[in-house]
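> Any chance you could fold what I've pasted below:
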Amino acid sequence: PQTSMIHGYLKASLDDCKRALLTVEQSTGIRVLMRLNKINDDESSFGCRFEWSMGTSNVLIDDEQFIKGWQEFSRVLEEF
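Down below sits the predicted model:
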């Protein structure tokens, strides 16, 4: 079956990513991601992962808001 799902991996720790997401949501009102999971592989260079479903309702998200949310997430995460 076809699905519009993206699997993403972040090098930052789960705790840092959660803090950055909360900071972005509080300061901009934009929720970049809903769910993050810790990567339990000690040999991985990644700290957490996410599954991101691009359903039909996501098409309604304004491109500028989408980009702003991810840029702010990246900026805040770099501060940790």
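
> Next up, the contacts around Val76.
Residues in contact with Val76, defined by C-beta atoms under 8 Å, 6 or more residues apart in numbering, are Ala20, Thr23, Val24. C-betas here are computed from N, CA, C, even on glycine.

> In strands, which of these fall?
Here DSSP state E is the test, and the contacts of Val76 give no hits in strands at all.

> need these in JSON lines with distance to Ala12, neighbour count and pLDDT, can you?
Converted to JSON lines, these look like this (distance: C-beta to C-beta, whole Å; neighbours: other C-beta atoms under 10 Å; pLDDT from 0 to 100):
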{"residue": "Ala20", "distance to Ala12": "8", "neighbour count": "23", "pLDDT": "97"}
{"residue": "Thr23", "distance to Ala12": "13", "neighbour count": "17", "pLDDT": "97"}
{"residue": "Val24", "distance to Ala12": "13", "neighbour count": "24", "pLDDT": "97"}
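
> need these in CSV with distance to Thr56, can you?
Below are the contacts of Val76 laid out as CSV (distance: C-beta to C-beta, whole Å):
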residue, distance to Thr56
Ala20, 28
Thr23, 29
Val24, 24
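
> Gly47: how many residues sit nearby?
Residues within reach of Gly47, counting by other C-beta atoms under 10 Å, total 17.

> which one is it nearest to, not counting chain neighbours?
Nearest residue to Gly47, sequence neighbours excluded (C-beta to C-beta, 6 or more residues apart in numbering): Ser13, at 4.2 Å.

> I am finished for the moment; much appreciated.
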